Structure formats: structure tokens, C-alpha cells
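A.B. asks: I would like to see how this sequence folds:
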Amino acid sequence: MTTHGSRIEEHPDLMELRARYERAATTPQARAVEGLTLLAGLYLAISPWVVGFSATTAGLTVNNLITGLAVAILALGFGSAYERTHGLGWVVAAIGVWTIITPWVVYGPSATAGTITSNVITGAVIFLLGLATSAFGMKGKTRTQQR
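C.D. replies: Here you go, the predicted structure:
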């Protein structure tokens with residue numbers, strides 16, 4: 001089997017698509033969303049210690065730590081390799097929804113006001129940032145399909 005000397009990475013359509021995603025990822029709005037997503041993820045990870053979750057909320061503490069780190073890692077991926085990670089914005093939104101309902105699912109009906117308030121506000125922010133990240137990816141995809 002012979003090769004014709006051209007590689008798929010050098011295909012003009014693929015190069016144009018990468019350039020579009022790069023332009024979408026370097027806008028001030030995209031950078032702001034990425035930075036806010038990183039900060040929201042880090043806050044979620046440390047929130048048990050900031051808010052002062054009680055010893056009885058160990059499951060919620062571990063949950064917030066793991067999901068917060070996941071959001072932060074995804075945000076770093078959006079900032080460094082947007083053309084490969086833009087499709088994962090929905091994961092951030094899903095983690096936001098999970099964060100909102102976690103106090104009742106993990107801790108039960110006796111969740112404290114601090115844990116509920118922290119998780120609901122942080123989850124809503126993460127959900128909205130996930131939607132914004134997905135919107136940036138869809139904007140680049142829609143422009144590419146129109147050509």
C-alpha cells in the first residue's frame with residue numbers, strides 16, 4: 001500500500017476547522033468563561049473547608065472535592081486544547097446539575113443550610129459556564145457547516 005505524501009493533518013478543511021476553533025477559544029469571552037470555570041471548579045473542590053461542612057457530611061466533602069477537581073481539569077483542557085475538548089462542555093453542565101442536587105442525594109433531607117446554599121449557587125454557576133462553553137463550540141461548528 002502506498003501513500004500519496006499528504007497527511008490528514010494537512011488537509012485544508014481540517015486546518016480551517018482548527019483555525020476556527022482557535023479563534024473561538026481566544027476571544028475574551030471564551031477566556032473569561034474558561035477562567036471562571038477553573039475558579040468555580042477549584043472553589044467547589046475546597047468548599048467543604050471554606051463553608052465548614054460537618055463531620056457527618058464526609059460523602060459530600062469527597063464528592064465536592066472530586067467533582068470540583070474534574071471541573072478544574074476540564075477548564076484547563078478548554079484553555080489548552082480547545083479544538084479537542086470543546087465537545088465536553090456538556091460534562092461541565094452535567095456536573096453543575098449534579099452539584100445542585102448532591103446535598104439531598106448524598107447527605108439526605110437533613111442537609112445543612114450552608115451545604116445547600118454553597119452547592120446550589122456553585123452548581124448553578126458551573127451549569128451556566130458549561131452551557132457557555134458548549135455555545136462557543138457550537139458557534140464554531142455552525143460557521144464551519146455554513147460554508
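A.B. asks: alpha carbons only for contacts and neighbour counts from here, please
C.D. replies: Noted.
A.B. asks: ok, residue 96 touching residue 124?
C.D. replies: Yes - counting by C-alpha atoms under 8 Å, residue 96 touches residue 124, with 6.0 Å between them.
A.B. asks: so the two - more neighbours on which side?
C.D. replies: residue 96 (29 against 18; other C-alpha atoms under 10 Å).
A.B. asks: so who does that one touch?
C.D. replies: Each residue near residue 96 by C-alpha atoms under 8 Å, 6 or more residues apart in numbering is listed here: 122, 123, 124, 125, 126, 127, 128, 130.
A.B. asks: what is the nearest of these to residue 103?
C.D. replies: Ranked by distance to residue 103 (C-alpha to C-alpha), those are led by residue 123 at 11.0 Å.
A.B. asks: list the contacts of that closest one.
C.D. replies: Residues in contact with residue 123 (C-alpha under 8 Å, 6+ apart) are 95, 96, 97, 98, 99, 100.
A.B. asks: which of the contacts of residue 96 count as buried?
C.D. replies: Those of those that meet the buried threshold are 122, 123, 124, 125, 126, 127, 128, 130, by 16 or more other C-alpha atoms under 10 Å.
A.B. asks: report the spatially closest residue to the fifth one, excluding sequence-adjacent ones.
C.D. replies: This points to residue 126. In space, and not counting its chain neighbours, residue 126 is closest to residue 96: 4.8 Å by C-alpha to C-alpha, 6 or more residues apart in numbering.
A.B. asks: residue nearest the centroid of this structure?
C.D. replies: Closest to where the C-alpha atoms of the chain average out (C-alpha atoms, centre = their mean) is residue 92, at 3.4 Å.
A.B. asks: look up how far residue 68 lies from that one.
C.D. replies: Applying C-alpha to C-alpha, to the nearest Å, the value for residue 92 to residue 68 is 10 Å.
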